[in-house]
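> I'd like to go over a predicted model; first the sequence, then the structure.
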Amino acid sequence: MAVATASSGTDAPPARAADRAGALRRSVQRNLTAHGFLIGAVLCFACFQWYPMVREVIMSFQKAKAGRTTWVGLHNLDQIVHDPSFWPAWRNTAEFTGLALLFGFALPFVTAVVMNELRHARGYLRILVYLPVMLPPVSSLLLFKYLYNPEYGPINRSLQLLHLPTSGWLQSPDMAMLAVVVASTWMNMGSATLIYLAALQNIPGELYEAAELDGAGLLRRVWHVTIPQTRLVLSLMLMLQIVATMQVFVEPFILTNGGQGVEGSTTTVVYLIYQYAFNFSNYGAACALGLLLLLVLAGFSVIYVRLNRRLES
Amino acid sequence: MRRSAALLIAGALTLTAAACSSSSDGGAKPTNGKVTISIDCAPPKSRPTQRKQWADDIAAFEKLHPNITVKSIDTFPCETPELFTAALKGGTEPNVFYTYFTDKQQVLDAGQAADITKYVTSENLPVKDDIMSSVWDTQKSGGKIYGIPRTNYTMGMIINRKLFQKAGLNPDQPPQTWAEVEADAKKIAALGKGIAGYGDYSAGNNGGWHFTAEIYAQGGRMVSDDGTKAAFNNPQGLAVLQNLHKLRFDDNVMGSTQLYKWGDLQKQMAAGKLGMYIAAPDDITYMVQSLGAHYEDFGMGPVPGQSAPGVGTLTGGDDYMFNVKDTPEQIKAGIQLLSYLWLTEGQGQQYNYPRSKSSGQAVGLPQPQLFQGATATKDAQLKAANATMSVQAFEPFVKANVPGVTEPGNAQAIYKILDTTMASALTSRNADLKKLLDTAEQQVNQVLANAQ
Amino acid sequence: MSDTRTLVNPAQLNRTLYRATLILVVAAFTLAFLGPLYLLVTGGLKGTTESIQTPPTFYPHHIEASNYSDAWTRLNIAHLLLNTLWYAFGALAFQLVLDVAAAYSLSKLRPALGNAILGLMLATLMIPAMVLVVPQYLTVLDLPLIHQNLLNSPWAIWLPSVANAFNIYLLKRFFDSVPQELLDSAAIDGAGPLRTLLSIVLPMSRPIIGVVSIFALVNVWKDFLWPLLAEPDPTRQTLNAGIYSLSLGVPENVLIAASAISAVPTVVFFLIFQRNIMSGLTAGSLKG
């Protein structure tokens, strides 16, 4: 971006006069070219996002049975809200998102801030934190399933040796969600950490000096310089994190042998969608629940855009 | 230049589309008397012995029927629920496709099952009349036949004979009742070193599957006779959960790890860390072939009941169904292939006992039990002649001869719901077992109502 | 960068405190990130009984290296890995061509309805992937209009990967920062849009291209359910799907060994190219 600002001194080209017909022809040609560049991506979006989305909306009002499809109106919606798992699934999703924000959002930021202060071993730490991102997720999850095992897992054994209380982890309704979040954070925090690290390195040192002259302590400097200076990255990552964590699937699916967990403790909304679609062959209900989740996520993004606008102004 | 850029991209897209068209559609069409059929559940590379035997059998079959070409599709496991459901939705199953007995309704609902009644003749399937009518019933709907059975099983209690001996128990006397299970499990768990006396499933639909087996043993049923309502929320269902909860928390003989699904208990058993669990006899084959266990370490008793051996036990199995798009020639060829591979004494995948014996596979397990009459007699003789294990270890199971009860309709959906019930009963000391059944009943009723 | 002023004033830095923090951080990171990997590798060396023994051992008391060869042959890792790389790099190529072109068009060529199209693209970010799995699967079975079945072909992974609004957005935002004057002067020199893109915009956009490339590769690498459904043929499976299928049928120690092997190729790849990957990720990040 430094290059961009450096070259902004170039003089603007002189305005060219053109007759109306020529302007129209050029405008058509310009549009043709522009759409030519665009069409590949647009076709892919149309095939694999927009068209399936329309189909999804239609299917959520339908019921398929023995090869025949019938319109059932709001029956699917009625059915899903009366499923005893419906509200617990939303509660679990909210809990997971909350925990994931604490771990998956705050932890990488704190890690990046600390790493940015260190003058040594930075390369080593960066490699370590990014290494898990490179593992196939199913391998990482099978590893964690083994680590968490209450009987032969090394985690409980380590706690025992340190005379700390052990836990059933994935087997315990209270700890299962936390265990899933920790595994998920371990696997994914590398990317976020490096992105924050890059943002932190862009903060001009003078700002810290100025804050220091004003007598700001460490925490105040974080609050008044670090966070405001990285707020765009932070807010974008927060949004992505919320959208991503509300969609979590593979982690509980592998860790708890199917995804629902003990007493349904890791049953999330996405898991319910999966269950309707692939266990109960009830696409109508799957699509209807998907639509609900979509509305909730859209709500979050509206809030995000509003907040962002207020921050910008 | 501008236009050429647009053209370039448009050209790239055309190429894309053209390249797409090279992908195969997997279909097969008969041409002048020749017929090609695709069949799945062929053993993958990770199981070299079985793979070789499969290839040999297919080659022999093709030699016998020069007009038929068989296209084998590797799958392991033979059925993955996600893929199976997706294939049904898209109509992409092979010509002859593997299913569990319990999948019939789902396949019919998806409109993907071919009616093969007319083609099930003594000519295509010589053992037709020696297959038990209870087995044929699992293949029928509304009087029509939709599948050809492959194997079947009834469940009993697999015991670890070594651990029984170590714990001072008589391995020839597996437990018959839950009280005996409890007593034996306590002694085995007392061996320490993380050894569990008894194990059970609570995930991967297997929890519900075992709940079903255990409620059948109590004399209960999963659904009402007309299949429209759940029927497990009663004293028998409660007894199933109470037995397990007691073993887990009062006796503490089930270890603290739960959420097991098929494959997990086998690993424990093969590693000598589990005393007994409820299973079908072919689990033993699996433990020996895939997990390095030894036949002589295992024995089997009947599924336990409350005060005597179970009054009923779950029976199930797998079969092949036919794609609704199959031509009559393909169905005919498919039935002949299945007859050759799976249902002829002395040959094919499961009745070539001498070959199984020489390649170190198990012969002598009380499974499958498909036949009656002359075929059954012949099978018993051939099996005894080539047995690789002591039949004595299975006598308590065979002698008890608990009558089989078939799985409920919409079984996989019901099992999924009961997984949660089982998981809660096995992981929560303070679980309200009655309430768990109430919730499951409500969910099962909803699934059943939706299936109407 | 080490001389840049950060949160803590280097002049006021307490040496002992700094040393202690450094050691603590390095130790914590090593334990947290290498610890599990150590247990992964050694877990795969244990015997069947030892791997599920209570209490567990922290190093294999009896080394069974055969687990690794066993896992290697059963899982056919080389094949699965090649499949996955083929899918990942193909997806990368498609995204680089089509998404860069689209972002360039939206940013610089500004077609009619461009903003509406961008809006529709960004809207897809809100759609949970799981919601679309079923209709997407049906679409792949029978592409609208041209009626092609993409199942079991790499196209079923490549083409949907192009529909990545996040990458298009990142690219567009970066292209927006390329001054219009540069492009205009190129146009005066007679350069068409394609040449402008290739000779002016792209060379300036190396960092963001790096980021987008990493995201594209990692997305395919990490995806589980979609490749499982789109490539059901075991010979076309991805590493994730292959290990998942295998997890049902092997003892715990062999499964751990298989997981360990599956981690090796990318870890090696990462260690070789880590400088490029790291600089790509950090240089191209969004400016605060």
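Alright, I've got the coordinates.

> just the strands from the chain, written as ranges.
Since you didn't name a chain, this refers to chain A. Remark: strands assigned in chain A by DSSP state E are A:62-65, A:68-71.

> I was thinking of chain B, sorry if that wasn't clear
Using DSSP E, strands in chain B cover B:35-42, B:68-74, B:96-100, B:140-141, B:144-145, B:147-154, B:156-160, B:196-199, B:274-279, B:298-302, B:313-322, B:404-406.

> and the closest residue to chain A within the stretch 151-300 of chain B, what does it touch?
Per CB to the nearest CB, residue B:203 is where the stretch 151-300 of chain B lies closest to chain A, at 3.7 Å. Yep, even glycine has a C-beta here, placed from its N, CA and C like the rest. When contacts are counted by CB atoms under 8 Å, 6 or more residues apart in numbering or on different chains, residue B:203 is found next to A:256-258, A:260, B:259-261, B:419, B:423.

> redo those residues as JSON lines? Include distance to chain C.
What follows is the contacts of residue B:203, written out as JSON lines (distance: CB to the nearest CB, whole Å):
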{"residue": "A:256", "distance to chain C": "13"}
{"residue": "A:257", "distance to chain C": "10"}
{"residue": "A:258", "distance to chain C": "12"}
{"residue": "A:260", "distance to chain C": "15"}
{"residue": "B:259", "distance to chain C": "14"}
{"residue": "B:260", "distance to chain C": "12"}
{"residue": "B:261", "distance to chain C": "8"}
{"residue": "B:419", "distance to chain C": "16"}
{"residue": "B:423", "distance to chain C": "19"}
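
> among those, which two are most distant?
A:260 and B:260 (13.9 Å; CB to CB).

> look up how far chain A lies from residue C:69.
Distance, residue C:69 to chain A, using CB to the nearest CB, to the nearest Å: 18 Å.

> may I have stretch A:247-266 exported as CSV, CA atoms only?
C-alpha atoms of stretch A:247-266 as CSV (Å, rounded to 0.1, in the frame of the first residue of the first chain):
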residue,chain,number,x,y,z
GLN,A,247,-21.5,-23.1,11.6
VAL,A,248,-19.1,-25.4,13.4
PHE,A,249,-19.6,-29.0,12.5
VAL,A,250,-16.6,-31.2,12.0
GLU,A,251,-15.2,-30.6,15.5
PRO,A,252,-18.1,-32.0,17.5
PHE,A,253,-18.8,-34.5,14.8
ILE,A,254,-15.5,-36.2,15.1
LEU,A,255,-14.8,-35.5,18.8
THR,A,256,-18.1,-36.9,20.1
ASN,A,257,-18.6,-39.7,17.6
GLY,A,258,-21.4,-38.2,15.7
GLY,A,259,-21.9,-34.7,17.1
GLN,A,260,-24.7,-34.7,19.6
GLY,A,261,-22.5,-35.3,22.7
VAL,A,262,-23.7,-36.5,26.1
GLU,A,263,-27.1,-35.2,27.0
GLY,A,264,-27.1,-33.4,23.7
SER,A,265,-24.4,-31.1,25.2
THR,A,266,-22.7,-30.5,21.8
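
> in helices only, show me the contacts of residue B:203.
Those of those mapping onto helices are B:419, B:423, per DSSP state H.

> can you lay out the contacts of residue B:203 as JSON lines showing distance to residue A:294, pLDDT and neighbour count?
Formatted as JSON lines, these follow (distance: CB to CB, whole Å; pLDDT from 0 to 100; neighbours: other CB atoms under 10 Å in any protein chain shown):
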{"residue": "A:256", "distance to residue A:294": "25", "pLDDT": "85", "neighbour count": "25"}
{"residue": "A:257", "distance to residue A:294": "28", "pLDDT": "77", "neighbour count": "27"}
{"residue": "A:258", "distance to residue A:294": "24", "pLDDT": "70", "neighbour count": "28"}
{"residue": "A:260", "distance to residue A:294": "22", "pLDDT": "72", "neighbour count": "28"}
{"residue": "B:259", "distance to residue A:294": "30", "pLDDT": "87", "neighbour count": "27"}
{"residue": "B:260", "distance to residue A:294": "35", "pLDDT": "89", "neighbour count": "27"}
{"residue": "B:261", "distance to residue A:294": "31", "pLDDT": "86", "neighbour count": "19"}
{"residue": "B:419", "distance to residue A:294": "28", "pLDDT": "91", "neighbour count": "29"}
{"residue": "B:423", "distance to residue A:294": "30", "pLDDT": "90", "neighbour count": "30"}
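
> and the residue of the stretch 151-300 of chain B closest to chain A, how far from chain C?
12 Å.

> can you name the residues that contact the nearest residue to that residue once chain neighbours are set aside?
Closest residue to residue B:203 apart from its sequence neighbours, by CB to CB, 6 or more residues apart in numbering or on different chains: residue A:257 at 3.7 Å. Contact analysis of residue A:257 by CB under 8 Å, 6+ apart lists B:203-204, B:259-261, B:264.
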